[in-house]
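> just coords:
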């Protein structure tokens, strides 16, 4: 199920594509070595084929991880740091649970299992139940997804907090007659830093 209009699935974000590419690239030497051993076994020693197959079987875990990264139930908008394109407005993140897309919210999530199955809880004061998660995916996969989703939520909050502080400053400036006279630049004239540099900038 594709995300709502304006939202980009994790697999198509620069960060997601970088992670997937890195995972596949790291396993390429093992695949090549395994194939060469299998071919060599036809000429020299048949036992090399066993070794080659074992190496390729070992490397298959990376292909599995890449596939799971592509399936990550997360989508963000163009202002989110995962897009690495600069935040010109509110950053948004959504998660897909049981086939429906919903706002990720501001609280990080924790995976839990009870007699009814998997559940997502917000890490707030009341450990609020966010949603049930009816899935056959393994705990390992779900935990990997939660790590990525929580990173997205954290970045989301950082960008939006910075944006809110900026807007508050503009409002205070317009309402105060005691401050030194100063003109705000129009929005389109403001040079917006990239999202990552805004997060870690000391200015």
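Received, thanks. Because the structure is predicted, anything quoted here is derived from the model rather than measured. Numbers count the residues shown, from 1 in each chain.

> where do the helices sit along the protein?
14-41, 47-70, 139-175, 195-200 (DSSP state H).

> worst average pLDDT in those?
Between the helices of the chain, the one with the least mean pLDDT is helix 195-200; it has a mean of 45.

> which residues are contacting stretch 110-127?
97, 105, 107-109, 128-135, 139, 142-143, 146 (Cβ atoms under 8 Å, 6 or more residues apart in numbering). C-beta coordinates here come from the backbone N, C-alpha and C atoms, glycine included.

> quick one: average pLDDT of it?
90.

> then stretch 78-94?
For stretch 78-94, the mean confidence score works out to 88.

> could you list the buried residues of that stretch?
With burial defined by 16 or more other Cβ atoms under 10 Å, the residues of stretch 78-94 counted as buried are 78-83, 86-87, 91-94.

> can you flag which of those residues belong to strands?
93-94 (DSSP state E).

> ok, which pair from the buried residues of stretch 78-94 is furthest apart?
86 and 94 (20.2 Å; Cβ to Cβ).

> count of neighbours near residue 72?
With neighbours defined by other Cβ atoms under 10 Å, the count for residue 72 comes to 24.

> just checking, it touches residue 145?
Yes. Under the criterion of Cβ atoms under 8 Å, residue 72 makes contact with residue 145 at 5.3 Å.

> residue 91 touches residue 159, doesn't it?
Yes. The criterion here is Cβ under 8 Å, and residue 91 meets it with residue 159 at 4.0 Å.

> quick revisit: tell me the buried residues within the contacts of stretch 110-127.
Buried among those (16+ other Cβ under 10 Å): 97, 105, 107-109, 130-131, 133, 142, 146.

> what number of residues lie near residue 95?
Look at residue 95: counted by other Cβ under 10 Å, it has 26 neighbours.

> what is it paired to in the beta sheet?
residue 74, residue 102 (DSSP bridges).

> show me what contacts it?
73-75, 101-102, 104, 149.

> sorry, back to before: now, which of the contacts of stretch 110-127 lie within strands?
97, 109, 129-133.

> would you mind giving those as CSV with distance to residue 8 added?
Listed next are the ones in strands among the contacts of stretch 110-127 as CSV, based on distance: Cβ to Cβ, whole Å:
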residue, distance to residue 8
97, 18
109, 20
129, 28
130, 22
131, 22
132, 26
133, 22
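
> lovely, talk soon.
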